[in-house]
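K.L.:
Based on what follows, work out the 3D shape:
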Amino acid sequence: MTKGSTADVADLTDAQAKAELARLTADILHHDALYYQQAAPEISDADYDALRLRLEAIEARFPDLIRPDSPSHRVGAAPAGGFAEVVHAVPMLSLNNAFDDDEVAEFLARIRRFLGLDADAEVTLVAEPKIDGLSCSLRYEQGKLVQGATRGDGARGENVTANVRTVTDVPARLHGRGWPEVIEVRGEIFMRRDDFQKLNERQEAAGEKIFANPRNAAAGSLRQLDSRITASRPLHFAAYHWGEVSGHPLGKTIWEIRQKFTEWGFTINEPARQCGSLDEALAYHRQMMDDRPKLPNDIDGVVYKVNRLDLQARLGFVSRAPRWAIAHKFPAEQARTILRAIDIQVGRTGALTPVARLEPITVGGVVVSNATLHNEDEIARKDVRVGDTVVVQRAGDVIPQVVSVVAAKSARRGKPYAFPDHCPACGSLAVREPGEAVRRCTGGLICPAQAVERLKHFVSRDAFDIEGLGSKHIVAFWQDKLIQTPGDIFRLKDHAEAIAEREGWGAQSAGKLLAAIESRRTIALDRFIYALGIRQVGQATARLLARHYATLEQWRQSMTAAADPGSGEYADLLNIDGIGPALAADLIGFFSEAHNLKILDDLSDELEIVPLAPARTAGSPIAGKTVVFTGTLETMSRGEAKARAESLGAKVAGSVSKKTDYVVVGADAGSKARKAADLGVATLSEAEWRSLIGG
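P.N.:
Below you'll find the predicted structure:
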């Protein structure tokens, strides 16, 4: 997406911004699950980047409207079923993106501001190609490979140890000397273009699946349950960073550690360059763009990292990404095709989403035929009409973004698209509330599309993750009235014989499905909350609520009591960092509906819902504490102070309450310091704060 696509952000009202953030969040989380869990992306990199860029622009303009479940706070998607789960000792984060030279310049400027450096102070960057593959972490103990894991959602990944052992570039034992007793080496699993072509030729000859691109082929190959299949695929690994490390630091700079990786037997990401200025970094980007066709593997941009590790430590992380690195993406490829139809899909919350059906066109070697149009405002803004010739773009995957209409081909155009005001699934009125970007079906429980989509969400990978109970099975079981509510899923065992007799099933398939359902009768509270499909409650918010309320019973009692806006429970809900009035209204609204309470009662009878495992911040004196900063700090910027607190497991709040544990008081502190004194909350000077956290 170009800068022009975010130019209208300043013109949005609060209500419009809120509605668009809700829509963007739902879209991005959906596409994250497809990309990270199934290696089956539904949109192009360019389209995905456009969604994130739009979201981040709105969040920057309306910081008070940032949602707790914002994709800017998370990485990837939860691990898929079929592999054991691995909890990353150090989270595997993603990178923020830059799409033009100005954004790279701003990246450097932000670093200097954060560190309190002069505007012209040198900050050396290491620039590397951004390989288009699958992130992987390799754990070594006493020099021996003991575990391989995918990134997953950044906190938890899949254990693919048996598979990574078959990758030629992954050493079973570290070479040389000087490596720590424990080290996680992180990098990219990928497939070279010539190997990809040969693999597809073999697949076609054998009548097997043809892969869309090398990235999908690499991801699918690494995530095979049979490691013999992985061993037959030509995979490679390039090391680019590290996770957990025992003992002393690996070195002082990225450049130094790259050399150590090669000494220990790893292939590293080449060609790389040290860049002492913005001009040098941009020159490297241009060179890599020119050399891109000559490289043996696909790249979709370059990555810039601050070279000095002491500066990296000070910069820390923001949300889902480090402050000290950024990906400078290449421009998307474009082509022209004809828009043949616009279809409407109805989601679990009743949202009507338009989908463009395109005349199939090859863009960058991949045939694409579909694109989301987001909402009726996007259709009107681009003036997209059936029959138009449109410009589409992609950057490595399958479905493009519709960029614009080709005016020269549109002299005899069709009529402007009339967005339906009734639900195509049930005929109920579809209304658009003032300030909302989305039109919604009012049918509720009588709308079959909503009922089915809610059940699909309930069994999705980030919710109950029931293997074998896919979308088509949900639809079929719902039509046959075997499943009408979530609780019915856990009573399917009463219909085992009927399921086995269905076309395409049989006793063995039915048995596997019922066993998968039984294995999900115990579930963590955060996944249960997410599975309920409450509006605005994504994975991050579900985790927040699960940590705060601990049990389903306590959460339910508190939400019911919070219906009284003067109650302590309502105040407590709003006091949770990241919960605002709009989200609170959706939570309270869910618990005010009798049919929802009936569903909760039913599920409580069928399931064991367990508390969320506590966060691991071993040795931190402020883990779980709520901290407020006020006044001007002298030895670090406010941003650096907050980042350090969060990295140690603290929750940084913007206001003081009885639940605040510490108020850190800088120069010229105002009302927050006075309120802390009135409430008896502990206050710390900057020096006392640094002493508490260890410098």
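
K.L.:
Grab the longest helix from this protein for me.
P.N.:
helix 14-38 (DSSP state H).

K.L.:
Packing partners of that one?
P.N.:
Packed against helix 14-38, as judged by 3 or more Cβ pairs under 8 Å, 6 or more residues apart in numbering; DSSP states H and E, are the following elements: helix 45-61. Where you see a C-beta, it was placed from the backbone N, CA and C, and this is true even at glycine.

K.L.:
In the helix it packs on, which residues are buried?
P.N.:
Neighbour counts over helix 45-61 (16 or more other Cβ atoms under 10 Å) mark 45-59 as buried.

K.L.:
if we can go back for a sec, next, the angle from the longest helix of the chain to helix 45-61.
P.N.:
Per axes from the mean of the first three to the mean of the last three Cα atoms, to 10 degrees, the angle that helix 14-38 makes with helix 45-61 is 140 degrees.

K.L.:
Averaged pLDDT, helix 14-38. What do you get?
P.N.:
Regarding helix 14-38, the rounded mean pLDDT is 76.

K.L.:
cool, stretch 511-526 as well?
P.N.:
What stretch 511-526 shows for mean pLDDT is 92.

K.L.:
Quote the end-to-end distance of it.
P.N.:
With Cα to Cα, to the nearest Å as the measure, stretch 511-526 spans 28 Å from end to end.

K.L.:
ok now do the nearest residue to Arg638 once chain neighbours are set aside, which residues does it touch?
P.N.:
Excluding its sequence neighbours, the residue lying closest to Arg638 (Cβ to Cβ, 6 or more residues apart in numbering) is Phe629, at 6.0 Å. Contact analysis of Phe629 by Cβ atoms under 8 Å, 6 or more residues apart in numbering lists 638, 641-642, 652, 663-664, 666.

K.L.:
at 10 Å instead, please
P.N.:
Phe629 sits next to 638, 641-642, 645, 652-654, 662-666, 669, 672, 686, 689 when contact means Cβ atoms under 10 Å, 6 or more residues apart in numbering.

K.L.:
Also His175?
P.N.:
Counting by Cβ under 10 Å, 6+ apart, His175 has contacts 143, 262-266.

K.L.:
rerun at 8 Å
P.N.:
His175 touches 263-265, counting by Cβ under 8 Å, 6+ apart.

K.L.:
Roughly how far does it sit from Glu263?
P.N.:
Distance, His175 to Glu263, using Cβ to Cβ, to the nearest Å: 7 Å.

K.L.:
likewise Glu103?
P.N.:
35 Å.

K.L.:
Between the two, tell me which one has more neighbours.
P.N.:
Higher neighbour count among Glu103 and Glu263: Glu103, with 16 against 13, using other Cβ atoms under 10 Å.

K.L.:
tell me the pLDDT at that one?
P.N.:
94.

K.L.:
three-state assignment of it?
P.N.:
What DSSP: H, G, I helix; E, B strand; the rest coil gives for Glu103 is helix.

K.L.:
Would you enumerate the residues in contact with it?
P.N.:
Under the criterion of Cβ under 8 Å, 6+ apart, the contact list for Glu103 reads His328.

K.L.:
Look up how far Ala57 lies from it.
P.N.:
Using Cβ to Cβ, we find Glu103 at a distance of 12 Å from Ala57.

K.L.:
cool, and Ala669?
P.N.:
Distance from Ala669 to Ala57, counting by Cβ to Cβ: 33 Å.

K.L.:
One more: Met92?
P.N.:
Distance from Met92 to Ala57, counting by Cβ to Cβ: 26 Å.

K.L.:
same question, Lys305
P.N.:
Using Cβ to Cβ, Lys305 is found at 24 Å from Ala57.

K.L.:
So which of the contacts of His175 is the closest to Ile609?
P.N.:
Trp264 (44.9 Å; Cβ to Cβ).

K.L.:
which ones are touching the closest one?
P.N.:
171, 174-176, 179, 185.

K.L.:
separation between the residue nearest to it when sequence neighbours are not counted and Ile183?
P.N.:
Nearest residue to Trp264, sequence neighbours excluded (Cβ to Cβ, 6+ apart): Leu174, at 4.5 Å. Using Cβ to Cβ, Leu174 is found at 8 Å from Ile183.

K.L.:
intersection of neighbour lists for these two?
P.N.:
The contact sets of Leu174 and Ile183 overlap at Tyr140 (Cβ under 8 Å, 6+ apart).

K.L.:
May I ask which of the contacts of Trp264 has the most neighbours?
P.N.:
Using other Cβ under 10 Å as the neighbour test, the contacts of Trp264 are led by Val185, with 25 neighbours.

K.L.:
Am I right that that one is in contact with Tyr140?
P.N.:
Yes - here Val185 lies in contact with Tyr140, judged by Cβ atoms under 8 Å, at a distance of 6.9 Å.

K.L.:
what's the span of stretch 405-417 from first residue to last?
P.N.:
Its first and final residues considered, stretch 405-417 spans 14 Å by Cα to Cα.

K.L.:
That should have said stretch 469-489, apologies.
P.N.:
The first and last residues of stretch 469-489 sit 10 Å apart, counting by Cα to Cα.

K.L.:
Go ahead and measure how far that stretch is from the middle of the chain.
P.N.:
The chain centre lies 28 Å from the centre of stretch 469-489; the measure is Cα atoms, centre = their mean, to the nearest Å.

K.L.:
just stretch 331-347 next, same as before
P.N.:
With Cα atoms, centre = their mean, you get 23 Å for stretch 331-347.

K.L.:
Show me which residues of it are buried.
P.N.:
332-334, 337-339, 342, 344, 346-347.

K.L.:
among the residues you listed, which are in strands?
P.N.:
The strands, defined by DSSP state E, take in 333-334, 337-339, 342, 344, 346 from these.

K.L.:
Just give me the closest of those to Asn375.
P.N.:
Ile344 (10.9 Å).

K.L.:
Enumerate every residue touching the closest one.
P.N.:
When the contact criterion is Cβ under 8 Å, 6+ apart, the partners of Ile344 are 352-355, 420, 424.

K.L.:
out of these, which is most surrounded?
P.N.:
Of these, Leu352 is surrounded by the most neighbours, 24 neighbours in total, counting by other Cβ under 10 Å.

K.L.:
For the residue nearest to that one when sequence neighbours are not counted, the count of nearby residues, please.
P.N.:
In this structure, Leu352 finds its nearest non-sequential neighbour in Arg439, 4.9 Å apart by Cβ to Cβ, 6+ apart. If you count neighbours by other Cβ under 10 Å, Arg439 ends up with 22.

K.L.:
so Arg439 touches Phe419, yeah?
P.N.:
Yes - at 6.6 Å, Arg439 counts as touching Phe419 under the criterion of Cβ under 8 Å.
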